[in-house]
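K.L.:
everything below, folded, please.
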Amino acid sequence: ADFDGIEGIESNLLGERPEIVIEVDNAAATSAGLNAATLAGAVRAYLTPIPATDIVIDDATVSVIVGTDPAAIATPEALAALPLGLGVALGDVAEVSQGSSPIAVTHFDGNRSAEVSAAITDPNFGAVNMEVQTMLDGLELPAGVDEVEVSDRGMVGDRYGDAGDVTLIQAEALEGLRAD
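P.N.:
Numbering: from 1, shown residues only. Sure thing, here's the model as predicted:
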């Protein structure tokens, strides 16, 4: 929404980064003698470079690091082919798909949250706050998502005395805001 008297609207909901999502099929994993913790460990070991040894070249010690070529696991299909042993691949016991996640994850009172912040530049803080609150009251938030207003009178006092509040809105349970 566009509001007169507000500048610098920022949100950590803008932007996302791609990620590969692994959803374990517990029945298939169990029948293969595996569980979610074992699978997580196998994937972590496959993705995390490890120091193998140190060698001396021309009187200088060089660490040898062993890791997976990132291009070899750049797609869900490539990661699904990860061998887990005994003829079982990751894709046999889990769904591996492309997903996305927020660029930044914040927390409020221990819950994941989304933040929207702005500076109120109009000296009539009350009118601006009422306009923003009316917009917020009209939002239909998904189940599990709450709006919380946090004010910083210290910031306001530096600029406008006790004229009003700077508003920071956090929507708890960010999962409810993410598109499926």
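
K.L.:
for the closest residue in space to T106 that isn't next to it in sequence, give me the pLDDT.
P.N.:
Counting by C-beta to C-beta, 6 or more residues apart in numbering, the nearest residue to T106 once its immediate chain neighbours are dropped is S113, at 5.2 Å. Every C-beta, even on glycine, is put in place using the N, C-alpha and C of the backbone. According to the per-residue confidence, S113 scores 77 in pLDDT.

K.L.:
surely L34 is in contact with V88?
P.N.:
Yes: counting by C-beta atoms under 8 Å, L34 touches V88, with 7.4 Å between them.

K.L.:
helix, strand, or coil at the residue nearest to T106?
P.N.:
Local secondary structure at S113 is given as strand here, using DSSP: H, G, I helix; E, B strand; the rest coil.

K.L.:
for it, list each beta-bridge partner.
P.N.:
Beta bridges link S113 to T106, E172 when assigned by DSSP bridges.

K.L.:
tell me which of L34 and V88 has more neighbours.
P.N.:
L34 (23 against 17; other C-beta atoms under 10 Å).

K.L.:
need the contact list for T53.
P.N.:
Counting by C-beta atoms under 8 Å, 6 or more residues apart in numbering, T53 touches 63-64.

K.L.:
please report phi then psi for it.
P.N.:
Main-chain dihedrals, T53, degrees, to the nearest 10: phi -170, psi 170.

K.L.:
and it, what are its bridge partners?
P.N.:
So, taking DSSP bridges as the rule, T53 has V64 as bridge partners.

K.L.:
okay, which residue is most central for this structure?
P.N.:
P102 (3.9 Å; C-alpha atoms, centre = their mean).

K.L.:
which pLDDT value belongs to that residue?
P.N.:
For P102, the model assigns a pLDDT of 76.

K.L.:
now the one 4 residues further on
P.N.:
Predicted confidence (pLDDT) for T106: 78.

K.L.:
I65 now?
P.N.:
You'll see I65 listed with a pLDDT of 94.

K.L.:
hmm, P51 and it touching each other?
P.N.:
Yes: if you go by C-beta under 8 Å, I65 and P51 touch, sitting 5.7 Å apart.
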